[in-house]
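Just the structure for this:
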Amino acid sequence: MSELTKLQVVSYLAPSWFCFYEAIVAYVGRILGVETQLQASQYDPLQDPILLTNQLDLAFICGLPLVRYSQVVVNQLQPIVAPVMAAPRYQNSPVYFTDVIVNANSSLYSFADLAGKTLCYNDLGSNSGYNLLRHRLLQGEHPKNFFGQTIPSGFHQRSIRWVVEGLADCAGIDSVVLEQELRDFPELSEHLRVVEVIGPCPMPPLVAAPHLDNSVIEQIQAALLQPDAELQTAMTKVGVKGFAAVDLSDYEAIATIYNTAIQAGYEVIGN
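Predicted coordinates for the structure are as follows:
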């Protein structure tokens with residue numbers, strides 16, 4: 001491989017953390033002494049030409065598309081690190097939850113109360129917004145048409161607001177995204193209630209493409225495990241305590257959940 005001069009980085013995750021990803025990428029650039037470029041993808045990762053043609057170097061990606069892509073293209077994306085949240089519920093592990101939310105003024109207080117209601121989800125490829133809810137239906141022996149209607153919102157942040165505004169009855173939200181949204185807009189907390197917590201599940205990682213030298217990947221990992229003061233400031237703003245080293249085996253549980261639901265006929269839930 002020729003000498004590395006630039007890193008092309010893509011984020012497939014919620015936009016509320018984009019500034020944090022910018023801080024991570026800037027830090028990696030400082031450590032490696034290279035130019036960096038970060039962009040928020042407008043594509044589903046499994047349909048992104050940049051990923052499919054191996055043009056990216058690093059990516060912030062949800063665990064579900066990571067394992068689905070890895071089932072098709074072996075050894076393509078290598079997890080490096082994942083954030084560890086500071087809040088006690090995360091128990092010093094690189095995990096998150098799906099918080100199932102409803103409007104605080106509703107009469108919905110449990111998962112069972114959601115039968116026949118309208119669920120909004122960010123996208124079908126989301127682990128927190130769709131896959132884990134589908135798994136919850138299967139675990140609870142609920143029918144796949146448990147929800148009266150399912151509607152896509154495109155983003156977790158939009159799902160949150162649809163529940164607040166009464167456009168949907170419930171949504172499964174990545175707990176990290178929900179917590180960040182409540183930090184940014186604390187007034188939302190009085191309009192929301194969590195009726196179910198699903199998880200924990202492995203945190204979305206930073207992954208590397210196979211064309212990067214192992215020495216570069218190891219240098220990135222080592223740097224993020226020992227962040228400098230500037231990155232630590234950015235971490236504190238989003239409630240991140242640190243990073244943990246991860247590999248693809250840490251995400252096998254997500255693949256199992258996904259494959260089990262599909263095999264059981266729960267590919268699509270709702271009417």
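
Enumerate the positions of the element among helices and strands of the chain having the smallest mean pLDDT that are buried.
Counting by mean pLDDT, DSSP states H and E, the chain has its least confident helix or strand at helix 49-52, which shows a mean of 87. By neighbour count with 16 or more other Cβ atoms under 10 Å, helix 49-52 contains the buried residues Leu51. To be clear about C-beta, it is placed using only N, CA and C from the backbone, and glycine gets the same treatment.

do the same with stretch 164-172
Val164, Ala168, Asp169, Cys170, Ala171, Gly172.

Could you look up the SS state of the closest residue in space to Cys120 that isn't next to it in sequence?
Take Cys120 and drop its neighbours on the chain: the residue closest to it by Cβ to Cβ, 6 or more residues apart in numbering is Ala168, 3.7 Å away. What DSSP: H, G, I helix; E, B strand; the rest coil gives for Ala168 is coil.

Please report how far the most centrally placed residue in the chain lies from Asp228.
Centroid-nearest residue in the chain, with Cα atoms, centre = their mean: Cys62, separated by 4.2 Å. Between Cys62 and Asp228 the distance is 27 Å, computed by Cβ to Cβ, to the nearest Å.

For Val195, grab the count of nearby residues.
Val195 has 17 neighbours, counted by other Cβ atoms under 10 Å.

In the stretch 151-271 of the chain, mark out all the helices, start to finish.
Here the stretch 151-271 of the chain has its helices, by DSSP state H, counting those that start in this stretch, at 156-165, 175-184, 214-225, 229-237, 252-263.

possible to save those as JSON lines with mean pLDDT and distance to Val72?
Formatted as JSON lines, the helices of the stretch 151-271 of the chain follow (pLDDT from 0 to 100; distance: least, Cβ to Cβ, whole Å):
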{"stretch": "helix 156-165", "mean pLDDT": "96", "distance to Val72": "26"}
{"stretch": "helix 175-184", "mean pLDDT": "94", "distance to Val72": "27"}
{"stretch": "helix 214-225", "mean pLDDT": "96", "distance to Val72": "22"}
{"stretch": "helix 229-237", "mean pLDDT": "96", "distance to Val72": "33"}
{"stretch": "helix 252-263", "mean pLDDT": "92", "distance to Val72": "12"}
